[in-house]
Structures are given as structure tokens and as C-alpha cells.
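In: heads up, no residue letters with this:
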Ligand code: ADP
Ligand code: ADP
């Protein structure tokens with residue numbers, strides 16, 4: 001589903017260089033929940049952003065769904081990105097839009113007919129348990145509810161992959177549990193492939209099938225959660 005091979009990423013900041021990724025190879029199977037854990041600065045979010053080419057690697061190859069992402073035209077890349085939903089630590093909702101419009105926006109941009117948008121948004125809000133919040137604004141929602149809107153929005157274009165960038169890091173433990181339950185539910189219902197990055201072991205242990213541990217731009221260990229975190 002996702003194959004990253006020997007990815008290097010060097011950021012240039014003025015005359016300084018930061019080697020954020022130093023030869024990362026990673027395979028994510030269709031339908032699995034894959035977690036990347038590591039301390040701040042390890043390179044997790046650079047790695048995640050490489051999957052949809054929000055960050056272009058300095059070298060290496062990125063194959064998603066059989067497509068060599070680095071060989072796509074701008075237009076083909078836009079198409080490919082529609083099948084990759086993203087959710088964020090700070091939700092990134094539009095504060096002047098209500099819940100309905102936050103989810104509907106991407107469908108409008110893709111010229112989905114109005115009646116279809118209404119149906120789709122209602123279905124998504126039911127899925128995430130916010131059917132009674134369609135007219136609320138982000139400022140009126142709790143953190144967990146905001147992330148539910150983020151998830152509904154990420155699923156609007158029926159993606160095959162969901163990327164989660166520290167999606168529960170701004171939430172309390174109980175809300176984190178409920179968001180993880182929702183992600184698990186979506187993974188099972190739709191066979192959606194999920195890649196998440198986190199610094200929280202709880203997240204990995206609760207929902208991930210496999211995990212990679214990142215340190216200083218390299219993966220130091222990867223395997224099933226049981227294999228990597230069992231202490232013989
Ligand atoms: P993590 O998500 O694990 O915290 P990041 O991928 O954000 O790690 O960062 C890895 C390294 O790359 C860090 O040293 C960080 O400072 C650097 N870095 C990340 N993004 C940029 C950027 N846009 N410009 C320069 N350096 C960056
Ligand atoms: P029109 O452009 O004809 O007024 P829209 O379908 O664009 O109608 O909807 C106007 C606003 O009403 C939307 O921006 C949205 O905030 C709200 N809305 C539309 N459908 C729903 C719905 N099913 N549930 C809640 N709010 C909705």
C-alpha cells in the first residue's frame with residue numbers, strides 16, 4: 001500500500017543543514033494501522049508528510065497504491081492526494097465555518113453536487129457521532145468533538161489512507177481513548193489503512209498492528225507491537 005525506500009530529507013535553513021531523515025525504509029500493508037513513535041525532533045512528521053509529498057524527499061522513493069509519487073504530474077498528484085486523508089494535532093478547522101461547512105468544503109471544491117454533499121456530510125457526522133452539531137462552530141466544541149470534525153472532513157473524499165499527525169496529543173486520556181476507538185472502528189468498517197505518528201505509547205499499544213521506533217532520523221526498530229514491546 002505504502003512503500004518508502006531509503007528516504008533522505010535534508011532541510012536547509014540559511015547556511016545550516018538539518019538531516020531530518022537519514023535513509024528510512026518502511027512498508028505499510030493495506031488495511032493495517034501502522035504507528036511511528038519517537039521523541040520530538042526524531043523526524044516523524046517529516047516522514048508522515050513524505051507519504052503525500054507535502055514534503056519532498058531529498059532522495060529515495062515513495063510508492064503509494066502502486067503509484068510512484070515522485071513521477072506524477074501536478075494534476076495526478078492532486079488526484080492521488082484526494083485518496084489520502086489527514087488529521088492534525090490542532091485539528092486545523094476553519095473557525096468561521098460551522099461543522100457542516102468544515103466537512104462540506106472539500107466536496108464543494110471538488111464540485112460534488114449539492115444534494116450529494118448534504119447526504120455525504122450527514123452520513124459522516126453520524127459516523128463520528130456529531131449529527132446534532134452540524135450548525136455549531138469550532139469554538140463551541142470540545143477538543144474531542146473538534147477532532148471528530150477533523151476525522152469526518154478527512155474521510156469526505158473516501159480516502160484509502162488516513163494519516164494522523166499527533167492526532168490525540170492535544171486531548172486528555174479519556175478523550176484520546178474515544179478518538180482511538182473511532183479510528184479503530186473506521187479502520188475495521190472501511191478497511192482504511194492508517195498511519196499515525198505519536199510520542200504516546202498508549203496510542204501505539206491500543207490500536208496499532210505494527211510500529212516503527214524513530215530516533216534521530218532513522219528507524220531503530222520495527223515490527224508487530226507485541227514483538228517490539230514485549231520484554232522477555
Ligand atoms: P518529529 O515529528 O519527530 O518531532 P520533525 O520531522 O518535525 O520531527 O523534525 C525532524 C528534524 O527536522 C528536527 O530537527 C526539526 O527541527 C527539523 N525540521 C522539521 N521541519 C523543518 C523545516 N521545515 N525546516 C527546517 N528544519 C525542519
Ligand atoms: P443554499 O446555498 O441554498 O442556502 P446550502 O446547501 O449551501 O444551501 O446550505 C446553506 C448552509 O446551511 C450551509 O452552508 C450549511 O451551513 C447549512 N446546511 C446545509 N445543509 C445542512 C444540513 N443537512 N445540516 C445542517 N446544516 C446544513
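Out: Nice, I can see it. Everything numeric here is computed off the predicted structure, so don't read it as measured data. Ligands and ions are numbered 1, 2, ... in the order given.

In: What residues does this protein have near ligand 1?
Out: With C-beta under 6 Å from any ligand atom as the criterion, the chain meets ligand 1 at residues 11, 13, 18, 20, 38, 40-46. Using the backbone N, CA and C atoms, a C-beta is placed for each residue, glycine as well.

In: Just give me the least confident of those.
Out: Lowest pLDDT among the residues of the chain next to ligand 1: residue 13, with 91.

In: Could you check how far it is from residue 60?
Out: Distance, residue 13 to residue 60, using C-beta to C-beta, to the nearest Å: 21 Å.

In: can you check residue 110 too?
Out: 30 Å.

In: Likewise for residue 183?
Out: 28 Å.

In: Likewise for residue 69?
Out: For residue 69, the distance to residue 60 equals 11 Å [C-beta to C-beta].

In: more crowded one of residue 110 and residue 60?
Out: Each of residue 110 and residue 60 has its neighbours counted (other C-beta atoms under 10 Å); residue 60 has more, 17 against 11.

In: Name the nearest residue to that one, sequence neighbours excluded.
Out: The shortest distance from residue 60 to any non-neighbouring residue, by C-beta to C-beta, 6 or more residues apart in numbering, is to residue 7 (3.6 Å).

In: contacts for the helix or strand where the one you found lies?
Out: Using DSSP states H and E, the element containing residue 7 is strand 2-13. The set of residues external to strand 2-13 that reach it, using C-beta atoms under 8 Å, 6 or more residues apart in numbering, is 17-28, 43, 46-47, 50-51, 55, 57-65, 161, 193, 195.

In: try 6 Å
Out: Contact with strand 2-13 is made by 17-21, 23-28, 46, 50, 57-64, as judged by C-beta atoms under 6 Å, 6 or more residues apart in numbering.

In: From the contact counts, what lies against the helix or strand just after that strand?
Out: Next along the chain after strand 2-13, taking DSSP H and E as the criterion, comes strand 16-28. In terms of contacts (3 or more C-beta pairs under 6 Å, 6 or more residues apart in numbering; DSSP states H and E), strand 16-28 is packed against strand 2-13.

In: Many thanks, have a good one.
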